[in-house]
Structures are given as C-alpha cells and as structure tokens.
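[1] sequence unknown, structure follows:
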C-alpha cells in the first residue's frame, strides 16, 4: 500500500468512527438501524480501488454526516423544548 492509499484509508476509517459516534446521539429506537446503515454504506464500497472515487465518497460521506448532525441537533432541540414546556405546565 502506497502512502496516498494509506492516507485515504485513514480518512475513511476516521469518517466511519465519526459516523458511529454520531449514532449514539440518535433516539434509542433508531440507533441500531442507523448503525446498520452506516456499516452498509462503508461495506458497499469496501473494495473500491479508484482513489478519485474514494475521495469523492469521503467528501459525500462528510456532507451526509454534517446533515445528520444538523438533524440530530434539531431532534434534540425539539425534545428539550417539549420537556421544557411540560415542566412549565406541570404545577
């Protein structure tokens, strides 16, 4: 494995770890499915040797991870707002 391939592999593994960590923030009922989806996406392209395609997939993965992060933030804020409203209503 040459240096460029090694660096790309490290970037893919970093992206995979970030995605798995982010699944911990998902609602409990959705975590397993989300983890399976992350794993399936990585496995689907496991044997890709085209460095340009790998760079594209990393870029796409980072974008999807950012979107997931934003979605999970919104979900968390909605839950916090609901909890806050319930706390105010309860005497």
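    Great, that's in hand. Since this is a predicted model, take the numbers as computed values, not measurements.

[2] For the residue positioned nearest the centre of the chain, I want the exact helix or strand it lies within.
    Nearest to the mean C-alpha position of the chain, by C-alpha atoms, centre = their mean, lies residue 19 at 3.1 Å. Following DSSP states H and E, one finds residue 19 within helix 3-23.

[3] Can you give the distance of the next helix or strand after that helix from its chain's centre?
    Sequence-wise, the next helix or strand downstream of helix 3-23 (DSSP H and E) is helix 28-44. When C-alpha coordinates are averaged (C-alpha atoms, centre = their mean, to the nearest Å), helix 28-44 and its chain have centres 9 Å apart.

[4] ok, and for helix 28-44, which residues are buried?
    34, 38, 41-42 (16 or more other C-beta atoms under 10 Å). Using the backbone N, CA and C atoms, a C-beta is placed for each residue, glycine as well.

[5] what about that helix, average pLDDT?
    Averaging pLDDT along helix 28-44 gives 94.

[6] ok, residues contacting that helix?
    The contact list for helix 28-44 (C-beta atoms under 8 Å, 6 or more residues apart in numbering) reads 12, 16, 19-20, 23-24, 26, 61.

[7] Pick the one among those residues closest to residue 52.
    residue 12 (14.1 Å; C-beta to C-beta).

[8] which residues does residue 61 contact?
    Here residue 61 is in contact with 15, 19, 41 (C-beta under 8 Å, 6+ apart).

[9] I'd like the distance between the first one and residue 27.
    Spelled out, that is residue 15. From residue 15 across to residue 27, the span is 22 Å (C-beta to C-beta, to the nearest Å).

[10] Looking at the two, which is more packed in?
    Remark: of residue 15 and residue 27, residue 15 carries more neighbours, 20 against 11, as counted by other C-beta atoms under 10 Å.

[11] same for the helix holding residue 19, what does it pack against?
    helix 28-44, helix 51-89 (3 or more C-beta pairs under 8 Å, 6 or more residues apart in numbering; DSSP states H and E).
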